[in-house]
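1. I'll drop the sequence and a predicted model, then ask my questions.
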Amino acid sequence: MATMTVAKAINEGLRATLNHNAKSLLMGEDIGALGGVYRVTDGLLKDFGPDRVVDSPLAESGIVGTAIGLALRGYRPICEIQFDGFVFPAFNQITTQLAKMHFRSSGKLTVPVVIRIPYGGGIGSIEHHSESPEALFAHTAGLRIITPSNAHDAYWMIQQAVECTDPVIFFEPKRRYWLKGEVDTENPGPASDPFKAHVLREGSDATIVAYGPLVPVALAAATAAAEDGHSIEVIDLRSISPIDFDTVEASVRKTGRLIVAHEAPTFGGIGGEIASRISERAFLHLEAPVIRVGGFHMPYPVAKVEEDYLPDIDKILEALDRSLAY
């Protein structure tokens, strides 16, 4: 058992992958000598060389397009997109080529590409550096989308993403890069299936579902609610596509109430899909409408007001109060 930050856990997970899979390689802007803008790939160039840790030109479409070709030739490319808002020059390659190749070939071709994307706000930055575009990719069939919220999951999930034969988008919550946690590098434990949600806190009065950067906020809100006598269950979704609706439904059947929290705008967001599915699957068990907590439907604001934009403990507790009032 070792204590690591989320960033270090991803670094160690990438190192383990490069050691164990000779066909794996990293590609991205400034990931080599610089170690990435967040230093997540620090030291890997020195240990594995420029043929396996490739500094690319500033061209996201070129990074993903090249990765698709490499995957078709038997490699396991792992791409880094420097910031969330920089992914859109590669949106065409991801949604019309990468996501479709397996289906288009009637299953004859596989494209096991992993695309790492630091996402979300809370770092005092601006638009194109603080966004949460996960719903845009979740809408595209053929992609798997996962996001860790802690160091242990980060270590194992990046390795599992590379092992997957489907293309995987690996969203990394950048404001949690420096969050420390215990990592068991020998045994993934409950993290053995990256597409299954985890119940992090048991409760009986209401369920809060969150993923990525908002999981610590959801846990803090549950702790605050406990001081008022409320027993809150917290679920870390972990996988955005596919979504583990079974775990969420089982919790809602027990608690009767559901709050879904994410940084992305609520309009057209993942929370809306969860609300709809749970309303269909557990309608008679709901004691209140499913309530969503998220960002506003607007471009990401300037740093000095981002705390007003981002969901926080108070916003989740306000939603919880509304749910419990029914």
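-> Received, thanks. What you see is a predicted model; the values in this text were computed from it and never measured. Numbers count the residues shown, from 1 in each chain.
2. I'd like the next helix or strand past the helix or strand bottoming out on mean pLDDT in the chain.
-> Ranked by mean pLDDT, DSSP states H and E, the weakest helix or strand in the chain is helix 306-309, scoring a mean of 92. Remark: after helix 306-309, the chain's next helix or strand is helix 313-324, criterion DSSP states H and E.
3. Looking at that next one now, give me its mean pLDDT.
-> Mean per-residue pLDDT for helix 313-324: 97.
4. which of the residues in that helix are buried?
-> Of the residues in helix 313-324, 313, 315-317, 319-320, 323-324 count as buried by neighbour count, 16 or more other Cβ atoms under 10 Å. Where C-beta positions appear, they are placed from N, C-alpha and C, glycine not excepted.
5. Let me know the helix or strand that the nearest residue to residue 177 once chain neighbours are set aside is in.
-> Leaving out its chain neighbours, the residue that sits closest to residue 177 by Cβ to Cβ, 6 or more residues apart in numbering is residue 7, at 4.0 Å. Take DSSP H and E as the rule and residue 7 turns out to sit in helix 6-20.
6. for the helix or strand that that helix is followed by, packing partners?
-> Once the chain leaves helix 6-20, the next helix or strand it forms, by DSSP H and E, is strand 24-28. For strand 24-28, the elements it packs on are helix 6-20, strand 53-55, helix 60-72, strand 76-80, judged by 3 or more Cβ pairs under 8 Å, 6 or more residues apart in numbering; DSSP states H and E.
7. most neighbours per residue, which of those?
-> strand 76-80 (a mean of 26; mean count of other Cβ atoms under 10 Å).
8. which outside residues touch whatever helix or strand comes next after that one?
-> Moving toward the C-terminus from strand 76-80, the next helix or strand (DSSP H and E) is helix 91-92. Contacting residues not belonging to helix 91-92 are listed as 61, 136 [Cβ atoms under 8 Å, 6 or more residues apart in numbering].
9. How far away from the center of its chain is helix 91-92?
-> Distance of helix 91-92 from the chain centroid (Cα atoms, centre = their mean, to the nearest Å) equals 19 Å.
10. need the next SSE after that helix, C-terminal direction.
-> Immediately after helix 91-92, counting by DSSP H and E, sits helix 101-104.
11. distance between the following helix or strand past that next one and the chain's centre?
-> Next along the chain after helix 101-104, taking DSSP H and E as the criterion, comes strand 114-119. Here strand 114-119 is found 8 Å from its chain centre; the criterion is Cα atoms, centre = their mean.
12. go on, stretch 153-165?
-> That offset, for stretch 153-165, works out to 12 Å (Cα atoms, centre = their mean).
13. ditto for stretch 172-183
-> Centroid displacement of stretch 172-183 relative to its chain, using Cα atoms, centre = their mean, is 12 Å.
14. Quick one: the helices and strands packed on strand 24-28 as TSV, columns for distance to residue 33 and mean pLDDT too.
-> Formatted as TSV, the helices and strands packed on strand 24-28 follow (distance: least, Cβ to Cβ, whole Å; pLDDT from 0 to 100):
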stretch	distance to residue 33	mean pLDDT
helix 6-20	15	98
strand 53-55	7	97
helix 60-72	17	97
strand 76-80	14	98
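15. can you redo those as a markdown table with distance to residue 138?
-> Below are these laid out as a markdown table (distance: least, Cβ to Cβ, whole Å):
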| stretch | distance to residue 138 |
| --- | --- |
| helix 6-20 | 21 |
| strand 53-55 | 28 |
| helix 60-72 | 17 |
| strand 76-80 | 18 |
